[in-house]
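A.B. asks: What shape does this take:
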Amino acid sequence: MKHMRMTFILIAALIVSSCAAPQGANTPAEQVQPTRTLTTAPPRPGASAVPTEMVPQPSTTLPPPKATRTPQFVIHKDYSAAIEGSDFYPLAAAGPFLVGKRTFPARDSSRPGRQISITVWYPALLVGEDTTASVIPDAVPDPSGAPYPLLLSSTKVARIFAPTLVSHGFTWASIDGIDTYEPMNLELIQQPLDILFALDQVVTNPPEGLEGTIDAERSGAIGYSFDGYNALALSGARVDPQFYLGLCEDPIQTKQNSSFWFEGSYHCMPAVKWDLYIAAAGERAEVDPDALWQPFTDERIKAVMPMACEGWWLFGEKGLAAVEVPALFLAATNDFLYPENALIFEHLGSQDKTFISILNRDHMIVYDPEMLLRMRHFATAFFSYYLQGKTEYGQYFSQEFVDQLEGMQWGVLDDE
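C.D. replies: Numbering: from 1, shown residues only. As a prediction, this is how the structure comes out:
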């Protein structure tokens, strides 16, 4: 089963061409005009809010969903979207902005030999000929709503989600070439550090012309599968070496007795050379082997969205209790990682956390066009709420909304 995540990587490129929302026909009808006032997010239906810095901005208010099993939304014209035979997902459609992207190389001097390529996605202007491209390379940035909140992930995940979310007024920094942990290795440490490095780079050394476009003070992390682990790590979760190494003292017995997916020989590869992982983590790794590591996060990261993730075995109950930022989990109930996602969610310390179950589907929901519509919709709603201050979007990832959708359930599926 550990090879299933590699399948995700191979198909990701295919998804983009068939599922990405076209941008060329969308001119900025209503530009987002952020203010500079800090406020606190109010309670959202179905979740307890915690104080979160955000910058509210005026926007067209979308009407609440009607109380009917099949959603029938009256959507503002700029956000309407439908696929024949499927439900409406109002925030899965392209927003008012065109999307540009630029790629630039960087070197992390704190990690010798670590070459990093960063792709930046941003709201763009159309200059010259009209185009139907969903993403315009090296486009001129659109300054009308700048600075825009920042999202972080691998480029493999960004290719699937960035064209939609950036069109709704976000920027995105993604790391090229990071794939998965197959076999499990030092990438467990290096990839979260890559993303944190990218966060700093787009502030201190942005690509020419993008100065003032990115608001890194309002950042979020998102990921699916291997990148879901990265998003979880960036949430503030802390490695618990005592818990992890304890699991690997007798990996066969742990595998037999675990309530989550644990492939002993696979998951315990880091334990064999744990000193290398301590060295890679640097100052974040505590000298005391029983102490929690310092988190792989940054105070600018205000919200996270781990989808079909893993990491329970590395963070454990104590490490997950350290998480304070709002979190949205999506996982399919037939996914071999579903029990682990449920465990992670149960022990996550955040008081503002949401879990949405996708019923009777497996790990490869990311390959299904309609499932991608739903995931894009929830991502847009979640990050717009927490990073853009669009509190009216809370209804679009609320229990009331999810309860209307066939094939989805609010919360973790009850054991039968």
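
A.B. asks: Give the rounded mean pLDDT of stretch 191-205.
C.D. replies: Summarised as a single mean, pLDDT over stretch 191-205 is 96.

A.B. asks: now what about it, what contacts it?
C.D. replies: Residues from elsewhere that reach stretch 191-205, judged by Cβ atoms under 8 Å, 6 or more residues apart in numbering: 106, 108, 111, 114, 116, 118, 120, 150, 152-154, 171, 173-175, 178, 210, 214, 216, 219, 221, 230, 233-234, 296-298, 300-301. For every residue, glycine as well, the C-beta is placed using N, CA and C.

A.B. asks: Please convert the buried members of those residues into PyMOL selection syntax.
C.D. replies: Buried residues among the contacts of stretch 191-205 (16 or more other Cβ atoms under 10 Å), as a PyMOL selection:
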select buried, resi 106+108+111+116+118+120+150+152+153+154+171+173+174+175+178+210+214+216+219+221+230+233+234+296+297+298+300+301
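
A.B. asks: got the contact list for Ser235?
C.D. replies: For Ser235, the contacting residues are 221, 295, 297, 301, 304, 306, 323, 325, 327, 348, 350, by Cβ under 8 Å, 6+ apart.

A.B. asks: Nearest to Met375 among those residues?
C.D. replies: Looking at those and their distance to Met375, the nearest is Pro306, at 12.2 Å (Cβ to Cβ).

A.B. asks: isn't the closest one right next to Leu232, touching?
C.D. replies: Yes - with contact taken as Cβ atoms under 8 Å, Pro306 and Leu232 are classed as touching, separated by 4.5 Å.

A.B. asks: Find the residues that touch each one of the two.
C.D. replies: Common contacts of Pro306 and Leu232, defined by Cβ under 8 Å, 6+ apart, comprise 223, 344.

A.B. asks: where exactly do the helices run in this structure?
C.D. replies: With helices called from DSSP state H, the chain shows them at 4-19, 155-166, 187-204, 226-233, 241-247, 251-257, 264-267, 269-272, 274-281, 312-320, 338-347, 369-387, 399-402.

A.B. asks: mind putting those in TSV, distance to Gln409 included?
C.D. replies: Listed next are those as TSV, based on distance: least, Cβ to Cβ, whole Å:
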stretch	distance to Gln409
helix 4-19	23
helix 155-166	22
helix 187-204	30
helix 226-233	19
helix 241-247	30
helix 251-257	28
helix 264-267	28
helix 269-272	34
helix 274-281	37
helix 312-320	21
helix 338-347	12
helix 369-387	13
helix 399-402	7
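
A.B. asks: what about those, which gets the closest to Lys101?
C.D. replies: Closest of those to Lys101 is helix 155-166, at 7.8 Å (criterion: Cβ to Cβ).

A.B. asks: what's the angle between that closest one and helix 226-233?
C.D. replies: Note on geometry: by axes from the mean of the first three to the mean of the last three Cα atoms, to 10 degrees, helix 155-166 and helix 226-233 are set 70 degrees apart in direction.

A.B. asks: Helix 155-166 packs against which elements?
C.D. replies: Other helices and strands packing on helix 155-166, by 3 or more Cβ pairs under 8 Å, 6 or more residues apart in numbering; DSSP states H and E, are helix 4-19, strand 98-107, strand 115-125, strand 148-154, strand 171-175, strand 214-224, helix 369-387.

A.B. asks: Tabulate the ones you listed (CSV), appending mean pLDDT and distance to Tyr393.
C.D. replies: What follows is those, written out as CSV (pLDDT from 0 to 100; distance: least, Cβ to Cβ, whole Å):
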stretch, mean pLDDT, distance to Tyr393
helix 4-19, 38, 22
strand 98-107, 95, 20
strand 115-125, 96, 18
strand 148-154, 98, 13
strand 171-175, 98, 18
strand 214-224, 98, 14
helix 369-387, 96, 5
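
A.B. asks: would CSV of those with distance to Val412 be doable?
C.D. replies: Putting the helices and strands packed on helix 155-166 into CSV (distance: least, Cβ to Cβ, whole Å) gives the following:
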stretch, distance to Val412
helix 4-19, 21
strand 98-107, 34
strand 115-125, 32
strand 148-154, 24
strand 171-175, 29
strand 214-224, 18
helix 369-387, 16
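
A.B. asks: bridging residues for the spatially closest residue to Leu151 that is not a sequence neighbour?
C.D. replies: Closest residue to Leu151 apart from its sequence neighbours, by Cβ to Cβ, 6 or more residues apart in numbering: Trp172 at 4.5 Å. Taking DSSP bridges as the rule, Trp172 bridges to Trp121, Leu151.
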